[in-house]
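okay, predicted coordinates and the sequence, questions at the end:
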Amino acid sequence: MKNAKLYRAGAVCLLIAVLAGSIINQNLKKERQIARITAAVDEIGTLINICYETKITDESETDGKTGIDTEVWADFESGKWVAVYAKEDADTKEIYQSRLYDGTNSYSTTEKNSGWEKEETAAETTPNLSNLKEFYFNEDDLTNVKVKKEDGLTTIQASLTEKALEDAYQSGISSAEQSYKYYVNQDADSKDAAALLVESAKQTQMLGIDVTYTIDANGVLVQSILTQQYQSPEILSNDGEHSLGALTSHTVTYEKRVLSYNSSDAAQTIKDYIKSLED
């Protein structure tokens with residue numbers, strides 16, 4: 001009997017040791033991959049020039065697939081950049097604005113005007129660059145971390161933990177409440193719609209968030225994808241009246257992709273746009 005108790009106690013201790021070792025290994029793996037991603041993000045700041053794309057797409061049961069795509073060419077030495085903004089759906093992609101900073105002034109052209117117009121304030125900050133260099137997760141946020149190496153690329157995949165999903169849910173409510181505070185002193189129609197946005201955020205059901213990071217052979221982060229799945233009530237409008245509809249499933253994807261860097265592509269594209277400005 002005594003030996004049996006000792007055996008059980010020993011087995012329990014062994015199981016605890018195995019589980020503890022597994023947890024430690026998982027945490028070390030997450031720490032290593034997060035350090036790798038952070039270093040790859042930092043490498044972007046060492047580049048001479050870059051061409052990158054940021055894209056947000058929303059695929060829902062009611063509206064199908066829609067999105068906003070931004071492509072940027074930037075020369076970090078001169079500070080010059082070009083940005084092209086486009087709207088997308090399942091079938092088409094339509095450019096609705098182009099912007100240019102020539103090192104002194106910034107200009108834009110839209111669907112309404114065919115020529116370049118000088119902006120009142122020079123926009124020196126490269127569009128979406130801060131998003132490209134952004135990484136805000138820690139080891140407590142990620143689970144199911146997987147690493148794959150192929151063709152000189154290292155791909156790190158992970159899912160967000162339940163706590164991270166709850167944080168994302170609360171962040172959505174906070175953003176909606178901030179919007180409401182802005183619109184509360186606006187017209188009644190905007191105020192009502194903003195109030196429903198808050199209620200919609202509160203009724204949202206977070207289903208999962210997955211992230212993928214790809215690092216090239218030079219240690220540069222060349223792609224990051226965050227895919228968020230959730231259900232939330234639609235905001236319906238009819239003759240100025242707003243109401244909440246049924247829960248609708250959404251898959252929202254945030255993608256950031258480096259198309260080229262330290263090449264003649266960005267410099268030449270910027271030069272061509274500046275030339276079109278002068279013509």
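Received the coordinates, thanks. These numbers were taken from a predicted model, which means no experiment stands behind them. Numbers count the residues shown, from 1 in each chain.

CA atoms of stretch 75-91 as PDB?
Provided in PDB are the C-alpha atoms of stretch 75-91 (Å, rounded to 0.1, in the frame of the first residue of the first chain):
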ATOM      1  CA  ASP A  75      12.700  56.800 -50.400                       C
ATOM      2  CA  PHE A  76      13.900  57.100 -46.900                       C
ATOM      3  CA  GLU A  77      17.000  59.000 -47.700                       C
ATOM      4  CA  SER A  78      15.200  61.900 -49.400                       C
ATOM      5  CA  GLY A  79      11.900  61.500 -47.600                       C
ATOM      6  CA  LYS A  80       9.900  61.500 -50.900                       C
ATOM      7  CA  TRP A  81       7.000  59.100 -51.400                       C
ATOM      8  CA  VAL A  82       4.100  58.200 -53.600                       C
ATOM      9  CA  ALA A  83       0.800  56.600 -52.400                       C
ATOM     10  CA  VAL A  84      -2.000  55.100 -54.400                       C
ATOM     11  CA  TYR A  85      -5.300  54.300 -52.800                       C
ATOM     12  CA  ALA A  86      -7.900  51.900 -54.300                       C
ATOM     13  CA  LYS A  87     -11.300  50.500 -53.400                       C
ATOM     14  CA  GLU A  88     -11.900  46.800 -54.100                       C
ATOM     15  CA  ASP A  89     -14.700  44.300 -54.300                       C
ATOM     16  CA  ALA A  90     -14.900  40.800 -55.600                       C
ATOM     17  CA  ASP A  91     -14.600  41.800 -59.200                       C
END
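
so what touches that stretch?
Contacts of stretch 75-91 with the rest of the structure, by CB atoms under 8 Å, 6 or more residues apart in numbering, involve 47-50, 55, 57, 64-74, 93-103, 124, 126-128, 266-267, 269-270, 273-274. For every residue, glycine as well, the C-beta is placed using N, CA and C.

could you pull out the strands for the stretch 101-250 of the chain?
Counting by DSSP state E, counting those that start in this stretch, the stretch 101-250 of the chain has strands at residues 106-110, 117-118, 142-150, 153-160, 205-215, 221-238, 241-261.

and the shortest one, what does it pack onto?
Using 3 or more CB pairs under 8 Å, 6 or more residues apart in numbering; DSSP states H and E as the contact criterion, the neighbours of strand 117-118 among helices and strands are strand 106-110.

can you check the longest one too?
Using 3+ CB pairs under 8 Å, 6+ apart, the elements in contact with strand 241-261 are strand 49-60, helix 129-132, helix 188-202, strand 221-238.

and the angle for it with helix 188-202?
70 degrees (axes from the mean of the first three to the mean of the last three CA atoms, to 10 degrees).

tell me what angle strand 241-261 forms with strand 49-60.
Going by the same axes, to 10 degrees, strand 241-261 makes 150 degrees with strand 49-60.

how far away is residue 275 from residue 268?
10 Å (CB to CB, to the nearest Å).

for residue 193, same thing?
Note on residue 193: its distance to residue 268, by CB to CB, is 45 Å.

the more surrounded of the two?
residue 193 (17 against 12; other CB atoms under 10 Å).

wait, the more buried one touches residue 242, no?
Yes - assessed by CB atoms under 8 Å, residue 193 is found in contact with residue 242 at 5.1 Å.

which residues do those two both contact?
residue 235.

if we can go back for a sec, got a markdown table for the helices and strands packed on strand 241-261, with mean pLDDT and distance to residue 250 too?
Supplementary listing: the helices and strands packed on strand 241-261 in a markdown table, determined by pLDDT from 0 to 100; distance: least, CB to CB, whole Å:
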| stretch | mean pLDDT | distance to residue 250 |
| --- | --- | --- |
| strand 49-60 | 92 | 5 |
| helix 129-132 | 86 | 20 |
| helix 188-202 | 82 | 11 |
| strand 221-238 | 89 | 6 |
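
please indicate which of the contacts of stretch 75-91 are buried?
Neighbour-count burial (16 or more other CB atoms under 10 Å) is assigned, among the contacts of stretch 75-91, to 47, 49-50, 55, 57, 67, 69-74, 98-102, 126-128, 266-267, 269-270, 273-274.
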